[in-house]
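**Student:** Dropping a prediction and its sequence here:
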Amino acid sequence: MRFERKTMSLSKNSVAVITGAASGIGRALAAHLAREKIAAIAVSDVNEKELNETAEMVKSLGVSVSTHIVDVSVLEKVQRFAEEVEAEHKRVTHLINNAGVALCGNFTEISLVDFEWLMNINFWGVVYGTKAFLPVLQEQEEAHIVNISSVFGLIAPPGQSAYCASKFAVRGFTESLRHELEDTNVYVSCVHPGGIKTNIANSSRVGESASEDVKKKSVKFFDKASPTTAEKAAETIVKGIKRKNPRILIGPDARQINLIQRFFPTKYFSVMDKLSGGKISAFMKTKNL
């Protein structure tokens, strides 16, 4: 039977779950959703101190909030998280799988242990979160799953093999899930942020055979190549949720890259380098990320 979708989106009855909410896009999302005056927000992260700061910010905006220390790479902890949220808030209408990490170094420089560490958080964290919360989402009149991929889920530059693998996987998983749930009460969106001014590069791991200089150069490069603030990213995501957009591109760079990839599916990197005046290749020659 085809489910008749309604026009309702965020409302005073909405309860949102946000992973990776201690900083960056996750914290900004908590603030923007609180300003929408929804019923409640459940925020999670592994960083307790900064997560509590996010919660205090939400409380100051007059919205109920619960905090949960969760390692999204561990299925049992995510399942317990879902149980805690449902017990406290009685429902979940919006799930935002945002938690993510980065890894600096060429494939030859990073260990399989580090590769698995990144995949467990960036990809399996999304899968675990979706699996754990989907039953309660399906019980709602309307619900929405929002998975954060990346512009590196659209293109794959050198030096980002692990990160791209995870974000392409998130994209594929999310798009397939969207097709599976198309005629149900659950909407599904995939988010592709471009360069966002957050601490993800600064807090990234470095491959075991790569030098710390690689991280310093990558942090400097991405800081210059990040035109969008976390607050603006959160604003764009919330607008996308309201509009029920299946794909949400964040930032002028993401929109440009999306077009370049579509028109030049195998040569996008060289096209992007020409548009940058050779800055990308010059950076890569000094030392790949």
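**Tutor:** Great, that's in hand. Residues are numbered from 1 along each chain as shown.
**Student:** quick one: the helices in the stretch 151-289 of the chain?
**Tutor:** 161-180, 212-224, 230-243, 252-263, 268-275, 279-286 (DSSP state H, counting those that start in this stretch).
**Student:** quick one, what contacts the spatially most central residue of the chain?
**Tutor:** In the chain, the residue lying closest to the centroid (CA atoms, centre = their mean) is Ile148, at 2.6 Å. Shown in contact with Ile148 (CB atoms under 8 Å, 6 or more residues apart in numbering): Ile25, Ile96, Asn97, Asn98, Gly100, Val126, Val170, Val191, Pro193. Using the backbone N, CA and C atoms, a C-beta is placed for each residue, glycine as well.
**Student:** Ranking helices and strands of this protein by mean pLDDT, which lands last?
**Tutor:** Least confident helix or strand of the chain, by mean pLDDT, DSSP states H and E, is helix 212-224 with a mean of 54.
**Student:** re the thing from before, figure out which of the helices of the stretch 151-289 of the chain is closest to Ala34.
**Tutor:** helix 230-243 (10.7 Å; CB to CB).
**Student:** Buried residues in the closest one, which are they?
**Tutor:** Judged by neighbour count using 16 or more other CB atoms under 10 Å, the buried positions of helix 230-243 are Ala230, Glu231, Lys232, Ala233, Ala234, Glu235, Thr236, Ile237, Val238, Gly240, Ile241.
**Student:** which residue packs closest to Lys242, ignoring adjacent ones?
**Tutor:** Ser9 (4.6 Å; CB to CB, 6 or more residues apart in numbering).
**Student:** what's the burial count for that neighbour?
**Tutor:** Residues lying near Ser9 (other CB atoms under 10 Å) number 17.
**Student:** pLDDT score assigned to it?
**Tutor:** For Ser9, the pLDDT comes out at 74.
**Student:** list the contacts for it?
**Tutor:** Ser9 touches Glu142, His144, Ile241, Lys242, Arg243, Lys244, counting by CB under 8 Å, 6+ apart.
**Student:** now, the most widely separated pair of these?
**Tutor:** Between all members of the contacts of Ser9, the farthest pair (by CB to CB) comes out as Glu142 and Arg243, at 13.8 Å.
**Student:** coming back round to it: and the helices of the stretch 151-289 of the chain, which one's lowest on average pLDDT?
**Tutor:** helix 212-224 (a mean of 54).
**Student:** on that earlier part again, which SS state does the residue nearest to Lys242 fall under?
**Tutor:** coil (DSSP: H, G, I helix; E, B strand; the rest coil).
**Student:** Any figure for the gap between it and Ile38?
**Tutor:** According to CB to CB, to the nearest Å, Ser9 and Ile38 sit 10 Å apart.
**Student:** what do you get for Cys104?
**Tutor:** 37 Å.
**Student:** So for these two, which residue has more residues nearby?
**Tutor:** Between Cys104 and Ile38, Cys104 has the larger neighbour count (other CB under 10 Å), namely 29 against 19.
**Student:** Any idea what the more buried one is bridged to?
**Tutor:** Counting by DSSP bridges, Cys104 forms beta bridges with Val206.
**Student:** Now do stretch 112-128: everything it contacts.
**Tutor:** Counting by CB under 8 Å, 6+ apart, 19, 72-75, 78-79, 97, 99-103, 147-148, 161-163, 165-167, 169-170, 173-174, 205, 207-208 sit against stretch 112-128.
**Student:** Which members of these are classed as buried?
**Tutor:** 19, 72-74, 78, 97, 99-103, 147-148, 161-163, 165-167, 169-170, 173-174, 205, 207.
**Student:** Counting residues, name the longest strand you see in the chain.
**Tutor:** Criterion DSSP state E: the longest strand present in the chain is strand 186-193.
**Student:** and that strand, what other elements does it pack with?
**Tutor:** helix 124-138, strand 143-148, helix 161-180, helix 230-243, strand 247-250, helix 252-263 (3 or more CB pairs under 8 Å, 6 or more residues apart in numbering; DSSP states H and E).
**Student:** could you pull out the helices for the stretch 1-150 of the chain?
**Tutor:** 24-35, 48-60, 75-89, 112-122, 124-138.
**Student:** just how off-centre is the last one within its chain?
**Tutor:** The gap between where helix 124-138 is centred and where its chain is centred comes out at 15 Å by CA atoms, centre = their mean, to the nearest Å.
**Student:** what's the average pLDDT for it?
**Tutor:** 98.
**Student:** Which positions in it come out as buried?
**Tutor:** Trp124, Gly125, Val126, Val127, Tyr128, Gly129, Thr130, Ala132, Phe133, Leu134, Val136, Leu137.
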